[in-house]
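J.: Below are the sequence and a predicted model for it; my questions follow.
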Amino acid sequence: MPSVCAVVVTYNRRPLLRECLDGLRAQTRPVDRVLVVDNASSDGTAEMVRRDYGWVDLLALPENLQCAGGFHAGLQQAHADGADWLWLLDDDCVPTPTALEELERGTRTAAPLPAPALLSGRVVWNDGRLHPMNVPGFERERIDRVIEAGGQALLPVRSASFPSLFVSRGAIDRHGLPHTHYVIYGDDIEWSARILRHEPGYMVPRSIVHHKTKQPHTATESGPRFYYHVRNTLYMLRGRAWTRTEKLSLVWMLLTTGAAYLRLGPSPRDNALVILRGLRDGVRPAAAT
């Protein structure tokens, strides 16, 4: 049976991390290894993991590398240690008991459906709705594959977010790791799209993870951090994860989210400055990906 390493990135959220780790311990298909990547928390997270979760491996980073850097470090470590599949989770994500069992079942697709390079679970908010930050980008070009996958309770995807992303070691061998300079927002979308441009992947609706954010927010409601959404979308427009036609959709998405962000209070002027900074930094030569 292939080995599975769950990679959990955390920063200063001990109570939520406890729920996540307890959920991992309760899996009907036991996780072979759990690697917690601590982004230099100051709330005693590392001490709690060492004291209360002796079955968990800890990668304590000397500084906060944010989301992209944390997952990059965790994936690099788990891959180097020989994991066959890597299951990515935020520290505020709590998997249901059969989440991993269903993901692993999704790797055993039947012909003519091609085997996946990655899978994505169904990530929901507290009320059971799909979390708006974690809705995959669904396949739109290969309708035949959509029909074939539906018969196996799978949905072909073109991109996916980090929470409950299930990635094969072969995909990392062939396509590399997430870009650390994305920091937050879009790092997971670019990485998964980079893989899925060349290989198939599916959402597994029966694999459910609860993403326990305070609100079911989107990037538009992220305040000054919307800067990263703007900048990183430009990074993707300059990169190779998307086709030319798909990049037109990225432009439309940036225009619509930018317009929505400008309408948010309390200061449209400050919001405009956030967008302008993102546009400026997204086109700088050193930022090419």
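T.: That came in fine, so what should we check first?
J.: got the contact list for the closest residue to residue 10 other than its chain neighbours?
T.: With Cβ to Cβ, 6 or more residues apart in numbering as the criterion, residue 10 has its nearest non-adjacent residue at 3.7 Å, and that residue is residue 91. To be clear about C-beta, it is placed using only N, CA and C from the backbone, and glycine gets the same treatment. Listed by Cβ atoms under 8 Å, 6 or more residues apart in numbering, the contact partners of residue 91 are 8, 9, 10, 11, 13, 16, 17, 20.
J.: by contact count, what packs against the helix or strand hosting the first one?
T.: Read it as residue 8. Element membership for residue 8 (DSSP states H and E) is strand 4-10. Based on contacts counted as 3 or more Cβ pairs under 8 Å, 6 or more residues apart in numbering; DSSP states H and E, the elements that strand 4-10 packs against are helix 14-25, strand 33-38, helix 66-80, strand 85-90, helix 99-106.
J.: Tell me which of these sits nearest to residue 181.
T.: Residue 181 lies closest, by Cβ to Cβ, to one member of those: helix 66-80, at 7.4 Å.
J.: now residue 135: how far from residue 70?
T.: Relative to residue 70, residue 135 is positioned 22 Å away (Cβ to Cβ, to the nearest Å).
J.: between those two, which one's more packed in?
T.: Between residue 135 and residue 70, residue 70 has the larger neighbour count (other Cβ atoms under 10 Å), namely 27 against 18.
J.: which residues sit in contact with the closest residue in space to the more buried one that isn't next to it in sequence?
T.: Beyond its immediate neighbours in the sequence, the residue positioned closest to residue 70 (Cβ to Cβ, 6+ apart) is residue 9, lying 3.8 Å away. Under the criterion of Cβ under 8 Å, 6+ apart, the contact partners of residue 9 comprise 37, 39, 67, 70, 71, 74, 88, 89, 90, 91, 162.
J.: how about the strands of the stretch 101-250 of the chain, start to end?
T.: Assignment of strands within the stretch 101-250 of the chain using DSSP state E, counting those that start in this stretch yields the ranges 118-124, 137-138, 155-159, 165-168, 201-211.
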